[in-house]
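K.L.:
Predicted coordinates and the sequence they were generated for:
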Amino acid sequence: MKQVSIIGIVFTIGVLICLKIFQDSIPRVNEPITNIFVFVGFVFVAIIYGMSRFRKK
C-alpha cells in the first residue's frame with residue numbers, strides 16, 4: 001500500500017472513533033431542510049474530490 005492511503009485509513013478510523021465517543025454531545029439535526037443541505041454538500045465535495053483525483057491520473 002502507498003503511504004498516503006495508510007495515513008488516510010488511520011485518519012478515517014480516528015475520526016469515526018471520535019464521532020462515536022462524542023456522539024451524545026453532538027446535537028441532533030431534525031429539520032429536513034438542514035439534512036438536505038448536508039447531503040447536497042457531501043455530494044458536492046465528493047464530486048470535486050473525484051474530479052481532482054481523475055485529473056491527476
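P.N.:
Cool, got the structure. Numbering: from 1, shown residues only.

K.L.:
Name the spans of this structure whose pLDDT lies under the cut-off.
P.N.:
Within the chain, the segments meeting pLDDT under 70 span 1-4, 24-31, 57.

K.L.:
Show me which helix runs longest in it.
P.N.:
helix 32-56 (DSSP state H).

K.L.:
which residue is nearest the centroid of this structure?
P.N.:
With distances taken as Cα atoms, centre = their mean, Phe42 lies nearest the centre of the chain, 7.3 Å away.

K.L.:
Tell me how far it lies from Ile6.
P.N.:
Phe42 sits 24 Å away from Ile6, going by Cβ to Cβ, to the nearest Å. Every C-beta, even on glycine, is put in place using the N, C-alpha and C of the backbone.

K.L.:
Same question for Arg55.
P.N.:
Separation of Arg55 from Ile6 (Cβ to Cβ) stands at 23 Å.

K.L.:
Which of these two has more residues huddled nearby?
P.N.:
Higher neighbour count among Arg55 and Ile6: Ile6, with 10 against 7, using other Cβ atoms under 10 Å.

K.L.:
what helix or strand is the more buried one on?
P.N.:
helix 3-21 (DSSP states H and E).

K.L.:
same for that helix, what does it pack against?
P.N.:
Packing partners of helix 3-21 (3 or more Cβ pairs under 8 Å, 6 or more residues apart in numbering; DSSP states H and E): none among the helices and strands.

K.L.:
Return the set of buried residues in that helix.
P.N.:
By neighbour count on 16 or more other Cβ atoms under 10 Å, the buried set for helix 3-21 is empty.

K.L.:
Just the C-alphas of that helix, formatted as PDB.
P.N.:
Taking Å, rounded to 0.1, in the frame of the first residue of the first chain, the C-alpha atoms of helix 3-21 are listed here in PDB:
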ATOM      1  CA  GLN A   3       1.900   5.700   2.400                       C
ATOM      2  CA  VAL A   4      -0.900   8.200   1.600                       C
ATOM      3  CA  SER A   5      -3.600   5.500   1.700                       C
ATOM      4  CA  ILE A   6      -2.400   4.200   5.000                       C
ATOM      5  CA  ILE A   7      -2.500   7.700   6.500                       C
ATOM      6  CA  GLY A   8      -6.000   8.200   5.100                       C
ATOM      7  CA  ILE A   9      -7.200   4.900   6.600                       C
ATOM      8  CA  VAL A  10      -5.800   5.800  10.000                       C
ATOM      9  CA  PHE A  11      -7.300   9.300   9.900                       C
ATOM     10  CA  THR A  12     -10.700   8.000   8.900                       C
ATOM     11  CA  ILE A  13     -10.700   5.400  11.700                       C
ATOM     12  CA  GLY A  14      -9.600   8.100  14.200                       C
ATOM     13  CA  VAL A  15     -12.500  10.400  13.000                       C
ATOM     14  CA  LEU A  16     -15.000   7.600  13.300                       C
ATOM     15  CA  ILE A  17     -13.800   6.800  16.800                       C
ATOM     16  CA  CYS A  18     -14.000  10.400  17.900                       C
ATOM     17  CA  LEU A  19     -17.600  10.700  16.400                       C
ATOM     18  CA  LYS A  20     -18.600   7.600  18.400                       C
ATOM     19  CA  ILE A  21     -17.100   9.000  21.600                       C
END
